[in-house]
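Asker: Fold the stuff below for me.
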Amino acid sequence: MKETNIHKLDLTKIDGNGDFPCPRCGTVLSPDDPTEEKYSILYPRVNREGLEEVVILCNSCGSHIHLTGFSLLQEIA
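Answerer: Down below sits the predicted model:
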């Protein structure tokens, strides 16, 4: 059975326009890519304040990437 690699990435630590490399394979993942060719959204996690985390799957290597930092982004908006 293949082991799933799990990574956590804080969006507030990313410079630029939101693109970031997969922590395992380096594939560049972009929030502007609507095709789900490079990644798939597995599920969002919400709390009383709003979006807490989004878990995505890198389609290149199978890693699960937990994206955090949405609470700070909501405060800025």
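
Asker: where along the chain do the strands fall?
Answerer: Here the chain has its strands, by DSSP state E, at 6-10, 20-21, 28-29, 39-47, 50-58, 64-68.

Asker: Which strand residues bridge the residue nearest to the spatial centre of the chain?
Answerer: By CA atoms, centre = their mean, the chain has its centre lying nearest to residue 67, at 3.9 Å. Assessed by DSSP bridges, residue 67 has beta-bridge partners residue 9, residue 54.

Asker: residues contacting it?
Answerer: 9, 11, 53, 54, 55, 56 (CB atoms under 8 Å, 6 or more residues apart in numbering). Quick note: C-beta positions are derived from backbone N, CA and C, even for glycine.

Asker: wait, what's in contact with residue 6?
Answerer: Residue 6 makes contact with 63, 64, 66, according to CB under 8 Å, 6+ apart.

Asker: still on that earlier bit, neighbour-wise, which one of the contacts of residue 67 leads?
Answerer: Among those, residue 56 has the most neighbours (other CB atoms under 10 Å), with 22 neighbours.

Asker: hang on, it packs against residue 42?
Answerer: Yes - using CB atoms under 8 Å, residue 56 makes contact with residue 42 at a distance of 6.2 Å.

Asker: Name the residues contacting each of these two.
Answerer: Shared contacts of residue 56 and residue 42, counting by CB under 8 Å, 6+ apart, come down to residue 64.

Asker: measure the closest residue to residue 64 other than its chain neighbours to residue 21 for me?
Answerer: Closest residue to residue 64 in three dimensions, ignoring its sequence neighbours and counting by CB to CB, 6 or more residues apart in numbering: residue 6, at 4.9 Å. Separation of residue 6 from residue 21 (CB to CB, to the nearest Å): 16 Å.

Asker: go on, residue 57?
Answerer: Distance from residue 57 to residue 21, by CB to CB: 15 Å.

Asker: neighbour-wise, which of these two wins?
Answerer: A side-by-side neighbour count of residue 57 and residue 21, using other CB under 10 Å, places residue 57 first with 17 against 12.

Asker: Enumerate every residue touching the closest residue to that one other than its chain neighbours.
Answerer: Spatial nearest neighbour of residue 57, chain neighbours left out: residue 40 (4.7 Å); criterion: CB to CB, 6+ apart. Neighbour list for residue 40: 56, 57, 59 [criterion: CB under 8 Å, 6+ apart].
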